[in-house]
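Enquirer: Structure for the following, please:
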Amino acid sequence: MIDINILRTNPEMVKENIKKKFQDAKLPLVDEVIELDKQNRDLKQQGDDIRSARNKLSAQVGMLMRDKNFAEAEKVKAQVKADAERLVELEAKQQEIDAEIKKIMMTIPNIIDSSVPVGKDDNENVEVQRFGEANVPEYEIPYNADILDRIGGLDKDAAGRTSGSGFYFLLGDAARLHEAMIAYARDYMIDKGFTYAIPPFMIRSDVVTGVMSFAEMDAMMYKIEGEDLYLIGTSEHSMIGRFKDQIIKEEELPITLTSYSPCFRKEGGAHGLEERGIYRVHQFEKQEMIVLCKPEEHMEWYNKMWKYTVEVFRNLNVPVRQLECCSGDLADLKVKSCDIEAWSPRQQKFFEVGSCSTLGDAQARRLGIRMKGKQGNSYVYTLNNTVLASPRGLIALLENNYNPDGSITVPKALRPYMGGKEKILPIK
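Expert: Below is the predicted model of the structure:
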């Protein structure tokens, strides 16, 4: 949610931003908010005028009563009462308009950074740079479900019986490798100075609407029936919600956190072959990083954060690239975002394994997270980034560390978490 002062002073900039995001249907909302805001300020001025007049009339009552001019005093009292009733009406109308303004403002997209490339959707995202050689070996790389099957690591049939499609059992060394990756990502971030956290895995609706747009909420979140609770789609949601309605001292910033959680999303499987594997699933685990900082520091942190993810994957022998998200691919709250994509030697293309975003003060404004500084209170800036999410990260590791004999080389970074094991051997 952007500052309404931007609409008051520069509505054309807001409209141009909406056009860059290819959301032209929202253009009339700008003028609608401006008109509602004008009505609201007019109502406030009327209320202020009535309060000022009422104070003067109240003083007159005392003087009239002192002079025993009771008849005139009663007339003035009647006017004071009428003014009080009018104030109640004005305040009720103000509250109604305030609610309507907020509802509309929640749908107007955040102002994107000037460096964001303009494009309609993810097909127009821009590759920035690559890290590591994207090699294709001479031998065939099997599909991820087949690799896991050969090491006795996957049972989707049983998961279908217990939970339905989009779920899976990881078993044996595959499950251990999955957990080793998450543990390594956790310790990597702790070594970078981030505080480790395990947040609640359910949050209330006011937190959900504080951290994401309504469209994202409907597309992603699972609601707990009969409760004002949602399963989190990422730990960023509860981690940012932790600071709801808080005032943070300027000297306490930046706040840098890394959080673990399972994640739950209404993400259906792709058609055909992908339904056998673990690329699109309803439940996965993730190590996340979250930063709350001063406005002037957010781009510095943005560039630090995505580079951490690159380093984690390179330490797992996985080539990656940074992909700049275009304007049409940015969620409404985001100022700037990039994806980190891992190389798939099987598909001979890159696929998304993480996303880094700066949201400016959009989340902080919705949730009331402020900074107390020398110049008064202002909103903090929030950022989030995926350190590592599995099973997508696991797929990248399996494909890029797969050997001709069907074994999996365990990257050196993970061996301490695997009891020193250097290879996972096929059992089939």
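Enquirer: Could you list the low-pLDDT ranges of the protein?
Expert: Across the chain, residues meeting the criterion (pLDDT under 70) sit at 54-78, 80, 268-275.
Enquirer: do that again at 80, thanks
Expert: Applying pLDDT under 80 to the chain flags residues 50-84, 213-219, 267-276, 428.
Enquirer: mind listing the helices for it?
Expert: 4-9, 11-20, 27-66, 70-105, 144-150, 156-162, 172-191, 205-211, 214-220, 235-241, 298-314, 362-367, 392-400 (DSSP state H).
Enquirer: so can I have JSON lines of these showing mean neighbour count?
Expert: Bear in mind the C-beta positions are built from the backbone N, C-alpha and C, glycine included. Formatted as JSON lines, the helices of the chain follow (neighbours: other Cβ atoms under 10 Å):
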{"stretch": "helix 4-9", "mean neighbour count": "14"}
{"stretch": "helix 11-20", "mean neighbour count": "16"}
{"stretch": "helix 27-66", "mean neighbour count": "14"}
{"stretch": "helix 70-105", "mean neighbour count": "14"}
{"stretch": "helix 144-150", "mean neighbour count": "21"}
{"stretch": "helix 156-162", "mean neighbour count": "13"}
{"stretch": "helix 172-191", "mean neighbour count": "20"}
{"stretch": "helix 205-211", "mean neighbour count": "20"}
{"stretch": "helix 214-220", "mean neighbour count": "14"}
{"stretch": "helix 235-241", "mean neighbour count": "26"}
{"stretch": "helix 298-314", "mean neighbour count": "20"}
{"stretch": "helix 362-367", "mean neighbour count": "25"}
{"stretch": "helix 392-400", "mean neighbour count": "26"}
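Enquirer: Same list, those helices, but as CSV with distance to N384 please.
Expert: Converted to CSV, those look like this (distance: least, Cβ to Cβ, whole Å):
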stretch, distance to N384
helix 4-9, 23
helix 11-20, 21
helix 27-66, 27
helix 70-105, 22
helix 144-150, 26
helix 156-162, 29
helix 172-191, 13
helix 205-211, 9
helix 214-220, 13
helix 235-241, 4
helix 298-314, 8
helix 362-367, 9
helix 392-400, 17
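Enquirer: mind checking which of these is nearest K286?
Expert: helix 235-241 (6.8 Å; Cβ to Cβ).
Enquirer: So which elements touch the closest one?
Expert: strand 202-203, helix 205-211, strand 255-264, strand 283-293, helix 362-367, strand 381-390 (3 or more Cβ pairs under 8 Å, 6 or more residues apart in numbering; DSSP states H and E).
Enquirer: 7 Å instead, please
Expert: strand 202-203, helix 205-211, strand 255-264, strand 283-293, helix 362-367 (3 or more Cβ pairs under 7 Å, 6 or more residues apart in numbering; DSSP states H and E).
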